[in-house]
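S.K.: below: sequence and its predicted model.
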Amino acid sequence: MAVFHRTKRLKIYGKKPEVTQLFGGRYAMVVRCQAKNDTEAWYDKNKDQIFADFGTLYDAHMAVDGIDARTGEAYTDMVLTSVGAGYTQTGEYVITFRYQTLTNSFVQEAGDKVDQELNGLRRVIRRLIAKDGTSYGKTVGTSTISHSAIGYSTATLTLAQATSGTKDPDESGFVSITETWLESGVISRTINEGSGGTEVGKIRTETVEAFNETPVTTIGGVEIGVSTSNVEGIETIRKTFVTSSGEIRRTDRPGPSAIPGTTYVTIDSVGTAITPTGTLIDSSETQENGYVRFSRTALQGTIIKTTQTYKDVAFVDVPGQVSCTTSGEITPGNRNSISGFSNVSGKTVVIESIPPSKQQVEATVVVNIQNSIPDTTELAFDISGLSCSVLKVTDRISGGVGRAVTLVDANGDTSTEVGRSQSFGASSSISEFRGHFIVNTSSSATLSGSGSRQPYISGGEFKFQEEKSRTQSQAFGFGNDGADKDSLYKTNGIIRRDVRPVLTAQDGTVFYEVTTVSGDVTSRNPALPVNRELISE
């Protein structure tokens, strides 16, 4: 006698359904059926009538020709989860229905998986299943369970994760959830003992990741970061702490090239500033990941000192000198005669000048490092303070011959007189001589001469009227004389002094390199040129 499943159109294939016991008192059933008409066209036309809806019960009626389950086959909560069809090896076309015990409450689908792989914390992975549409009422991070198992004591676990389970493509009618329950505590703790090198043990960084509790440091550091992390899908809190103290790095390098024998020493430290011995040159503080890095640089060694002493050659200024004097006697025919004048005699004023010159002297050069600029009140061989001037004054009287006039008296005697003319002129000029001193401060000279003659008769005698001229010249010197030269012009002492800053300390003290060139001479080069200036008449 044929046995049908849910409709008279589906006859059970084989003797009876296949039953499997599942975890937690649930069951699974597989029912194979054959349609009463096995033509392909019939299946295609009537597939909606022979394939049941997912989630329907084992004893539910089909839409067409539905029938009740046989006595004893009304299995409780047996829900359809899969339907398939295919040919057997003998050529029968078989429709397969798969059912599971499902309700509107989630139950365990399998036994718990328990481990302590997260830093010794108990972790329970639990699979749940229920009829499709069942509401899940637990909250991640809040819901808890009391868990115990063989080999494990009782512990309170908190829901750390709840994810939907996977289904085969041809399954439906149910919902599955995989729960992860985790014991509260630290999942991981990492301590980094510095970044290597000299910093090991000076800067310690600790990263603590915990579930369902606030991470706490074990190194006594300060919190520098907090974030929500994810460990295998479990939401956790991660905090980073850092602690530091002491010197972490020391570097040495040569000091300024102008201060030999010195060394820059830099100490980097954390927790507190460490200043090297010596003169503090630079300091800084930097915030780095929750701690302060201090840097102090000092210059070690003697700073204020003489760094060099040596001999050199220097060219110095020698002042010029001016002298007011006169020329030699000028007479007709001598070498001092004035061209064009045959009857000239006397002297003229001459200004002799020896211009400033350069003299090479042996010099001593001393280079010092000082923390102040030295006063330089005077320099040796300095001619800038010497100067003099010469005023020249010239007076000229010139005579000339006029017309001849003849007079006849009552006795018939004649006399002739020649007219005379005379002119006077004066001029002056001044000359300045910088870098000179004056030796003779004054001089004067007179130069006279006669020119053309005009003949005439006077008293019966033949006479001549001559043209005569005279020039009076004077020179007056002003300014520094020889005594001034001796007091103003030093021939020993500092020739030149150069100052430049080479170092500035943290407190603002500036250190200077002072180069002093000094010399001493007792005589000067006598081979100096002399300029003789002739005052023309």
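M.R.: Yes, it's here.
S.K.: OK, contacts around the closest residue to residue 121 other than its chain neighbours?
M.R.: Nearest non-adjacent residue to residue 121, counting by Cβ to Cβ, 6 or more residues apart in numbering: residue 183, 4.3 Å away. Quick note: C-beta positions are derived from backbone N, CA and C, even for glycine. With contacts defined as Cβ atoms under 8 Å, 6 or more residues apart in numbering, the neighbours of residue 183 are 121, 122, 123, 155, 156, 157, 158, 211.
S.K.: wait, the last one sits on residue 187?
M.R.: Pointing back at residue 211 there. Yes - counting by Cβ atoms under 8 Å, residue 211 touches residue 187, with 5.6 Å between them.
S.K.: sorry, back to before: for the residue nearest to residue 121, give its distance to residue 446.
M.R.: 134 Å (Cβ to Cβ, to the nearest Å).
S.K.: give me the element residue 310 is part of.
M.R.: Taking DSSP states H and E as the criterion, residue 310 maps to strand 305-318.
S.K.: would you mark the buried spots in stretch 303-311?
M.R.: Across stretch 303-311, burial judged by 16 or more other Cβ atoms under 10 Å covers residue 303.
S.K.: export it to CSV, keeping only CA atoms.
M.R.: Taking Å, rounded to 0.1, in the frame of the first residue of the first chain, the C-alpha atoms of stretch 303-311 are listed here in CSV:
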residue,chain,number,x,y,z
ILE,A,303,87.2,79.1,26.2
ILE,A,304,88.8,82.4,27.3
LYS,A,305,92.5,82.0,26.3
THR,A,306,95.2,83.0,23.8
THR,A,307,94.9,80.7,20.8
GLN,A,308,97.7,82.0,18.6
THR,A,309,100.9,84.2,18.8
TYR,A,310,103.1,84.7,15.9
LYS,A,311,105.4,87.1,14.0
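S.K.: elements contacting the strand holding residue 310?
M.R.: When contacts are defined as 3 or more Cβ pairs under 8 Å, 6 or more residues apart in numbering; DSSP states H and E, strand 305-318 sits against strand 357-370, strand 492-504, strand 510-520.
S.K.: coming back round to it: gap between the residue nearest to residue 121 and residue 120?
M.R.: From residue 183 to residue 120 the distance is 9 Å (Cβ to Cβ).
S.K.: and what of residue 150?
M.R.: Counting by Cβ to Cβ, the gap from residue 150 to residue 120 is 18 Å.
S.K.: so for the two, which sits in the more crowded spot?
M.R.: residue 120 (10 against 5; other Cβ atoms under 10 Å).
S.K.: so what does that one have for phi and psi?
M.R.: Dihedral angles of residue 120 (phi, psi; degrees, to the nearest 10) stand at phi 80, psi 0.
S.K.: check residue 70 too.
M.R.: Dihedral angles (degrees, to the nearest 10) for residue 70: phi -70, psi 160.
S.K.: count of residues packed around it?
M.R.: If we define neighbours as other Cβ under 10 Å, then residue 70 has 12 of them.
S.K.: residues in contact with the residue lying closest to it once chain neighbours are set aside?
M.R.: What sits nearest to residue 70 in space, not counting adjacent residues and going by Cβ to Cβ, 6+ apart, is residue 3, at 7.1 Å. Applying Cβ under 8 Å, 6+ apart to residue 3 gives the contacts 11, 12, 70.
S.K.: quick check: which ranges of the stretch 351-500 of the chain have low pLDDT?
M.R.: 399-405, 408-409, 412-421, 451-466 (pLDDT under 70).
S.K.: what about the strands in it?
M.R.: Along the stretch 351-500 of the chain, counting by DSSP state E, counting those that start in this stretch, strands occupy 357-370, 387-408, 414-434, 436-438, 442-458, 461-479, 492-504.
S.K.: in JSON lines: those, plus mean neighbour count and distance to residue 140.
M.R.: Formatted as JSON lines, these follow (neighbours: other Cβ atoms under 10 Å; distance: least, Cβ to Cβ, whole Å):
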{"stretch": "strand 357-370", "mean neighbour count": "16", "distance to residue 140": "73"}
{"stretch": "strand 387-408", "mean neighbour count": "16", "distance to residue 140": "102"}
{"stretch": "strand 414-434", "mean neighbour count": "13", "distance to residue 140": "100"}
{"stretch": "strand 436-438", "mean neighbour count": "25", "distance to residue 140": "106"}
{"stretch": "strand 442-458", "mean neighbour count": "16", "distance to residue 140": "120"}
{"stretch": "strand 461-479", "mean neighbour count": "17", "distance to residue 140": "107"}
{"stretch": "strand 492-504", "mean neighbour count": "15", "distance to residue 140": "63"}
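S.K.: let's have these in a markdown table, adding distance to residue 270.
M.R.: Listed next are these as a markdown table, based on distance: least, Cβ to Cβ, whole Å:
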| stretch | distance to residue 270 |
| --- | --- |
| strand 357-370 | 34 |
| strand 387-408 | 69 |
| strand 414-434 | 68 |
| strand 436-438 | 72 |
| strand 442-458 | 86 |
| strand 461-479 | 73 |
| strand 492-504 | 27 |
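S.K.: quick one: closest of the ones you listed to residue 228.
M.R.: strand 492-504 (50.4 Å; Cβ to Cβ).
S.K.: C-alpha coordinates for that closest one, PDB please?
M.R.: Output of strand 492-504 as PDB, limited to C-alpha atoms (Å, rounded to 0.1, in the frame of the first residue of the first chain):
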ATOM      1  CA  ASN A 492     104.900 101.500  18.900                       C
ATOM      2  CA  GLY A 493     101.700  99.800  20.100                       C
ATOM      3  CA  ILE A 494      98.600  98.400  18.400                       C
ATOM      4  CA  ILE A 495      98.700  98.700  14.600                       C
ATOM      5  CA  ARG A 496      95.300  97.000  14.000                       C
ATOM      6  CA  ARG A 497      92.700  95.100  16.000                       C
ATOM      7  CA  ASP A 498      89.900  92.900  14.500                       C
ATOM      8  CA  VAL A 499      87.000  91.500  16.500                       C
ATOM      9  CA  ARG A 500      84.400  88.900  15.400                       C
ATOM     10  CA  PRO A 501      81.900  86.900  17.500                       C
ATOM     11  CA  VAL A 502      82.500  83.200  17.500                       C
ATOM     12  CA  LEU A 503      80.200  81.800  20.100                       C
ATOM     13  CA  THR A 504      77.000  82.700  22.000                       C
END
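S.K.: now do it: which elements does it pack against?
M.R.: strand 305-318, strand 357-370, strand 510-520.
S.K.: next, format those as TSV and append distance to residue 504.
M.R.: Formatted as TSV, these follow (distance: least, Cβ to Cβ, whole Å):
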stretch	distance to residue 504
strand 305-318	18
strand 357-370	13
strand 510-520	5
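S.K.: residue 494 contacts residue 379, correct?
M.R.: Yes - Residue 494 is in contact with residue 379 according to Cβ under 8 Å; the separation is 5.6 Å.
S.K.: the stretch 1-150 of the chain: helices as residue ranges?
M.R.: 40-50 (DSSP state H, counting those that start in this stretch).
S.K.: can you list the low-confidence ranges for it?
M.R.: In the stretch 1-150 of the chain (pLDDT under 70), the answer is 1, 38, 40-41.
S.K.: and the strands in it?
M.R.: 10-12, 18-21, 27-35, 78-87, 93-101, 107-108, 113-118, 121-131, 144-149.
S.K.: so which of these is nearest residue 355?
M.R.: strand 113-118 (101.6 Å).
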